[in-house]
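In: sequence-free structure coming up:
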C-alpha cells in the first residue's frame, strides 16, 4: 500500500481538479448538469483513481487504476477542447488546461512504465 499524497502525479492531478472547478464556475447556467459537471467529474476521477489504486494490494491493481486515471484524463482533454470551441473557456485557459492534462498523462505513462518494469 502506498501513500498517494506522496505522489507528484496525484498532487498535480489534484491541483488540476481545483483549477477545473474554478474555471467551470463561469460556465453558463444551462451547463450546470452538462459540460460543467462532466468536466468536474472527469478531472476529480484522475486523483481519485490514483488514490484508490494506492490503497489496493499490489502493483498490478495500482496499474489498473492508473489506466483508468489515464482514461479520465483523455476524457477531460476532449471536454476542455469542447468547452474552448463553445467559447466557455478563453483560449489561454483552454491551452493551459491542455498543457496540464498532457503533463499528467505523461506522468501517468511514466509511472505505469515503472510499475511494469518492476513487475518483469
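Out: That came in fine, so what should we check first? All of these numbers come straight from a predicted model, not from anything done at the bench.
In: Please tell me how far the residue lying closest to residue 7 once chain neighbours are set aside sits from residue 81.
Out: Excluding its sequence neighbours, the residue lying closest to residue 7 (C-beta to C-beta, 6 or more residues apart in numbering) is residue 50, at 6.5 Å. C-betas here are computed from N, CA, C, even on glycine. Using C-beta to C-beta, to the nearest Å, residue 50 is found at 23 Å from residue 81.
In: Which residue of these two possesses the greater neighbour count?
Out: With neighbours defined as other C-beta atoms under 10 Å, residue 50 and residue 81 compare such that residue 50 has more, 27 against 15.
In: Let me know the pLDDT of that one.
Out: If you check residue 50, the pLDDT there is 98.
In: And residue 58, by the same measure?
Out: 89.
In: Share the number of residues neighbouring it, please.
Out: 12.
In: and if you look at residue 68?
Out: 17.
In: can you list the weak-confidence ranges in the protein?
Out: By pLDDT under 70, the low-scoring segments of the chain are 120.
In: Helices along this protein, start to end?
Out: 8-24, 35-54, 59-85, 91-119 (DSSP state H).
In: just these: most buried one?
Out: helix 35-54 (a mean of 21; mean count of other C-beta atoms under 10 Å).
In: Please name every helix or strand in contact with that helix.
Out: Packed against helix 35-54 by the contact rule (3 or more C-beta pairs under 8 Å, 6 or more residues apart in numbering; DSSP states H and E) you find helix 8-24, helix 59-85.
In: Please tabulate the ones you listed in CSV and include distance to residue 100 as additional columns.
Out: Below are these laid out as CSV (distance: least, C-beta to C-beta, whole Å):
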stretch, distance to residue 100
helix 8-24, 5
helix 59-85, 9
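In: quick one: contacts for residue 13?
Out: 43, 46-47, 50, 69, 73, 104 (C-beta atoms under 8 Å, 6 or more residues apart in numbering).
In: no, scratch that, I was asking about residue 60
Out: Shown in contact with residue 60 (C-beta under 8 Å, 6+ apart): residue 119.
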